[in-house]
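In: Need the 3D shape of this:
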Amino acid sequence: MLLFLAIFQLEELGDSYNVQHRLREGVRNMAQAYMASGGKEREAALGKVKAGYKECSQNMCALEAQLESLMGSLEMRMKGIAGFARLCPGDTFEIVVRHGGQKWKSRGHVNKDATQTWDRERIVFKSLFGDILHVKASEVRTLGNRTIVGNKHCETKDLFSAHPQVMTISLNSNGSLKLNLVISWNPLDGTTEEATWSPWMLKTPSTEPPHSISRTSEISAPAESLPVTRSVVHHEETSFRRSLSSTVSSGADRQSSVSPKTEASNAGSMSPSNLSASGSNLNTLDNVIRALVTSVKELQGQYPQLLKLERHILRLEKLLMPDCRMNGRMSRGSDLSISIESALDAFDFLNDVEEEDRERESHAQKTNTVDSGIESLEERLGSTERDRDGRHVTSGSDQLDLALLQHLFYCDTLLESLGAYGPLKQGESRALRHLLTQGDILEILVKLVEDPMQIDDFTTLMRDITEKQRLHLLWEQCAGGHYLCTSADSVVTQLKARYVHFFKTFTETERQDVLELLICQLLDRPAYDPAAIVTLFHFLFFLKADDHWEVEALLLKFHNDLRILGSLQSRDAAHVVETLQSLRGRPVDAAYAIQISVCLLSPDQSVRDAAENFLQTSLRENALRSWMLRTYATALEDERTEIRRAACVALRILGGSECMQELLHVVQSDPVVAVSEEAKQSVLSFGEDGNAEIAESDGTGDTFERFNRRA
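Out: Below is the predicted model:
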């Protein structure tokens, strides 16, 4: 019976929340229409519309609070950490899980028989409506020192299931450590049979009466904060529409016509309606800001070079999320314009609300049953989640929101690379370099959030990033105007048109490959996605660095790189050998070096010999050898098994004893046996020191001898 009641309550809540959400979107359209219009009464009308927007937001927040009280609880039980060869007896880990203001800390120890003991194996969290799960894993070392293994964030919407689920979280970047939690949802936790419930308790705070759109306050709720029934809510919604109509009519008398803005349609232009962010996972501003704030607070003080980035992230939280649950921020919709008459269409659905209610009541009387399936419950929760997406926090500009989302999400990805365990720090160093650049970008974005009018002065905005007028014009062509964001496909299309004479000798495939590589470099992504979002900051910050502003020279370099890499990957062994010989004495970048190391794994002996000869040639130049050692040490952290294995072989040929600790770490922690075995052979090739290190890692060396050698 309690389950039936809970499902009924959720269905009613969902319907009412949907109505309030659509009302608020109608008010948003009204605001955009008034902003596009002129007239002396515009400011007064906007003030009333904003008051109505705030009231709808307050009603939605009240409904969210009701929903939260019906979401039950999530029980989490520690199943343990799976680590393959990464876990050793004596290892101690600390797991911290946060959900809103709730926190669970559990410390586990790996026993000699490979079992695990955890001090707090179970926790019950109250399910919260707008909060995600934050999971931090640390390895506890000697003297209480901790090394952060990983920080992860995940949504809770998939955890609401009728049966217990095992949630597996990859704690580190290569997935060698996985946390397993058993999640059980109790939808009735906190519900009692005696509990009475009145639908739509849209209570108004007694300290501040609700606002209304018109001078005749038709939608104001009673001051006594009494429960409001569905019929009363419908009456208020109808009155709310009448108030809007009255306000619009009076405004239309004073302003006979409102002309929409005409936008130049360009092949590459992307308006906010075309560029939208997904509402799943961390792809909303509020979620990604929460995740970033949690991450920077965990890392605070550990990386002094990130102080600037931390400051801007915390500033964004302060600007965009003060009391965000009770105060929605209304988007300017600067790139959208509608007439006041069309704005009223947003409220047409209210004409059908009463009819829908009558049909529902008639159906309920005929069947005299209520849907009691868990599926219905999950469906309603999913619907509520979809409705919620429309009211996430915003900077006030759709383009600025999208740019913020891209760079904040990238920062969150980079922060996951920090706190790496062991001596493999190249990935961490690379992440820090990129985070420094993102700190500069966020500094500009924060200024735009503080004063969105600066977006209109687009020329000054671009000049503050780089003085290269040529790059300014190139971005405007790629984006189709003064936009902060465009799509990767649009950039590729426009660059083909812009450099049509440069590409005259290229085949269509070569043109596409070169430009796709440019996009991957801009966005720091391993693969091209035509739907990916490219921002003004991606574009200008990349092209202004390292003399990339000579775009033709950069594209020509990419073309040569792709040609040489294609030759090194050829199935024709003779062609590969010829390419390797042609590279001697020429500058080699990291991509060449990595592919040359892969040639060391070729089944063809002549290819292996040519690659080995190339690496041995580099031994004559100390600077080149040092650079290659760093390159291959970085490759030990690559996600691809073939690359890690090839890097081990290359370090062996280069006599890279300077990278012995990195190779030992691979021996002990790489989940792929072929890679760890190759790393072991490389360490053994370093002579007596290498043999002693392997013996020590296996636990067969003499302790006193090891002490003397390290001393």
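
In: After the host helix or strand of residue 291, which helix or strand is next?
Out: According to DSSP states H and E, residue 291 maps onto helix 285-299. Following the chain from helix 285-299 toward its C-terminal end, the next helix or strand by DSSP H and E is helix 307-320.

In: List of residues touching that next one?
Out: 285-286, 289, 292-293, 296, 299-300, 329, 393-395, 404, 408, 411, 435-436, 438-440, 442-443, 445-446, 449-450 (Cβ atoms under 8 Å, 6 or more residues apart in numbering). Every C-beta, even on glycine, is put in place using the N, C-alpha and C of the backbone.

In: coming back round to it: the helix holding residue 291: which residues count as buried?
Out: 285-296, 298-299 (16 or more other Cβ atoms under 10 Å).

In: quick check: angle from it to helix 307-320?
Out: Between helix 285-299 and helix 307-320, the angle formed by their directions is 140 degrees, by axes from the mean of the first three to the mean of the last three Cα atoms, to 10 degrees.

In: Flag the shaky bits of the chain, pLDDT-wise.
Out: The chain contains residues with pLDDT under 70 at 1-2, 38-40, 84-85, 142-145, 190-283, 322-392, 420-422, 546-549, 698-711.

In: roughly how far out does stretch 498-517 sit from the chain middle?
Out: Mean-position distance between stretch 498-517 and its chain equals 31 Å (Cα atoms, centre = their mean, to the nearest Å).

In: Equivalent analysis for stretch 53-67, please.
Out: In terms of Cα atoms, centre = their mean, the centre of stretch 53-67 is found 27 Å from the chain centre.

In: and if you look at stretch 31-39?
Out: Counting by Cα atoms, centre = their mean, stretch 31-39 is centred 34 Å from the centre of its parent chain.

In: for the helix holding residue 291, packing partners?
Out: Judged by 3 or more Cβ pairs under 8 Å, 6 or more residues apart in numbering; DSSP states H and E, the packing partners of helix 285-299 are strand 133-140, strand 146-154, helix 307-320, helix 398-415.

In: how about the strands of the stretch 301-450 of the chain, start to end?
Out: Shown for the stretch 301-450 of the chain, no strands are assigned by DSSP state E, counting those that start in this stretch.

In: oh, I was asking about the chain
Out: Here the chain has its strands, by DSSP state E, at 73-82, 92-99, 102-110, 116-118, 122-126, 133-140, 146-154, 165-170, 178-186, 485-487, 533-535.

In: Buried residues in the third one, which are they?
Out: Looking back up the chat, that one is strand 102-110. Buried residues in strand 102-110, counting neighbours by 16+ other Cβ under 10 Å, are found at 104, 106, 108, 110.

In: cool, the fourth one as well?
Out: When neighbours are counted by 16+ other Cβ under 10 Å, the buried residues of strand 116-118 are found to be 116, 118.

In: Show me what it is packed up against.
Out: strand 73-82, strand 102-110.

In: And for that strand, what's in contact with it?
Out: By Cβ under 8 Å, 6+ apart, strand 116-118 touches 78, 80-81, 106-111.

In: Quick check: the farthest pair among the residues you listed?
Out: When the contacts of strand 116-118 are compared pair by pair using Cβ to Cβ, the farthest-apart members prove to be 106 and 111, with a separation of 15.8 Å.

In: returning to what we had before: would you format the contacts of strand 116-118 as TSV with distance to residue 634 included?
Out: As requested, these are exported to TSV (distance: Cβ to Cβ, whole Å):
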residue	distance to residue 634
78	35
80	32
81	27
106	34
107	33
108	32
109	33
110	30
111	35
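
In: Check those against residue 667 and report the nearest one.
Out: Of the contacts of strand 116-118, the one sitting nearest to residue 667 (Cβ to Cβ) turns out to be residue 110, at 19.0 Å.

In: coming back round to it: for residue 97, state which of the buried residues of helix 285-299 is nearest.
Out: Distance ranking of those against residue 97, using Cβ to Cβ, places residue 294 first at 11.4 Å.

In: one step back: now render the helices and strands packed on strand 116-118 as CSV, adding distance to residue 125.
Out: Shown next, in CSV, are the helices and strands packed on strand 116-118 (distance: least, Cβ to Cβ, whole Å):
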stretch, distance to residue 125
strand 73-82, 5
strand 102-110, 5
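
In: returning to what we had before: pick the most buried one from the helices and strands packed on helix 285-299.
Out: By mean neighbour count, with neighbours taken as mean count of other Cβ atoms under 10 Å, helix 398-415 ranks first of those at a mean of 22.

In: on contacts alone, who are the packing partners of that helix?
Out: Of the remaining helices and strands, those touching helix 398-415 by 3+ Cβ pairs under 8 Å, 6+ apart are helix 285-299, helix 307-320, helix 426-450, strand 485-487, strand 533-535, helix 536-543.

In: Output those in CSV, with distance to residue 136 appended to each entry.
Out: Output for the helices and strands packed on helix 398-415, formatted as CSV (distance: least, Cβ to Cβ, whole Å):
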stretch, distance to residue 136
helix 285-299, 6
helix 307-320, 17
helix 426-450, 17
strand 485-487, 32
strand 533-535, 29
helix 536-543, 29
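
In: Give me the buried positions along the longest helix seen in the chain.
Out: Scanning the chain for the longest helix, with DSSP state H as the assignment, gives helix 2-36. Buried residues in helix 2-36, counted by 16+ other Cβ under 10 Å: 5-34, 36.

In: same question, stretch 520-532
Out: Across stretch 520-532, burial judged by 16+ other Cβ under 10 Å covers 520, 522-523, 528, 532.

In: And stretch 495-506, by the same measure?
Out: 495-496, 499, 503, 506.

In: Among those, find me the one that's closest to residue 653.
Out: Minimum distance to residue 653 across the buried residues of stretch 495-506 is 36.0 Å, recorded for residue 506 (Cβ to Cβ).

In: how far away is residue 304 from residue 419?
Out: Look at residue 304 and residue 419: by Cβ to Cβ, to the nearest Å, they are 15 Å apart.

In: With residue 591 instead?
Out: Residue 591 sits 28 Å away from residue 419, going by Cβ to Cβ.

In: So the two - more neighbours on which side?
Out: The neighbour count for residue 591 versus residue 419, taken as other Cβ atoms under 10 Å, is higher for residue 419 (23 against 15).

In: For the residue lying closest to the more buried one once chain neighbours are set aside, give the beta-bridge partners.
Out: Once flanking residues are discounted, residue 419 sits nearest to residue 148: 3.0 Å by Cβ to Cβ, 6 or more residues apart in numbering. When assigned by DSSP bridges, residue 148 has beta-bridge partners residue 138.

In: Provide a list of residues in contact with residue 148.
Out: The neighbours of residue 148, taking Cβ under 8 Å, 6+ apart as the test, are 136-138, 298-299, 418-419.

In: mind listing what the nearest residue to residue 164 once chain neighbours are set aside touches?
Out: Excluding its sequence neighbours, the residue lying closest to residue 164 (Cβ to Cβ, 6+ apart) is residue 184, at 4.5 Å. Contact analysis of residue 184 by Cβ under 8 Å, 6+ apart lists 74-75, 77, 164-165.

In: and what of residue 100?
Out: Under the criterion of Cβ under 8 Å, 6+ apart, the contact list for residue 100 reads 126, 128, 131.

In: Of the residues you listed - the most surrounded one?
Out: Taking other Cβ under 10 Å as the neighbour criterion, residue 131 ranks highest of the contacts of residue 100 with 19 neighbours.

In: For that residue, which residues are in contact?
Out: Residue 131 sits in contact with 99-100, 156, 290, where contact means Cβ under 8 Å, 6+ apart.

In: Go through the helices and strands packed on helix 398-415 and name the closest to residue 570.
Out: helix 426-450 (29.0 Å).

In: Any idea how far stretch 396-411 is from the middle of the chain?
Out: Using Cα atoms, centre = their mean, the distance from the centre of stretch 396-411 to the centre of the chain it belongs to is 10 Å.

In: for stretch 284-302, same thing?
Out: 12 Å.

In: quick one: which two of the buried residues of stretch 520-532 are the most distant?
Out: Maximum pairwise distance among the buried residues of stretch 520-532 (Cβ to Cβ): 10.6 Å, between 522 and 528.

In: thinking again about what came up before, mind putting the contacts of residue 184 into CSV with distance to residue 463 and neighbour count?
Out: Putting those into CSV (distance: Cβ to Cβ, whole Å; neighbours: other Cβ atoms under 10 Å) gives the following:
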residue, distance to residue 463, neighbour count
74, 51, 22
75, 56, 16
77, 57, 15
164, 58, 11
165, 53, 15
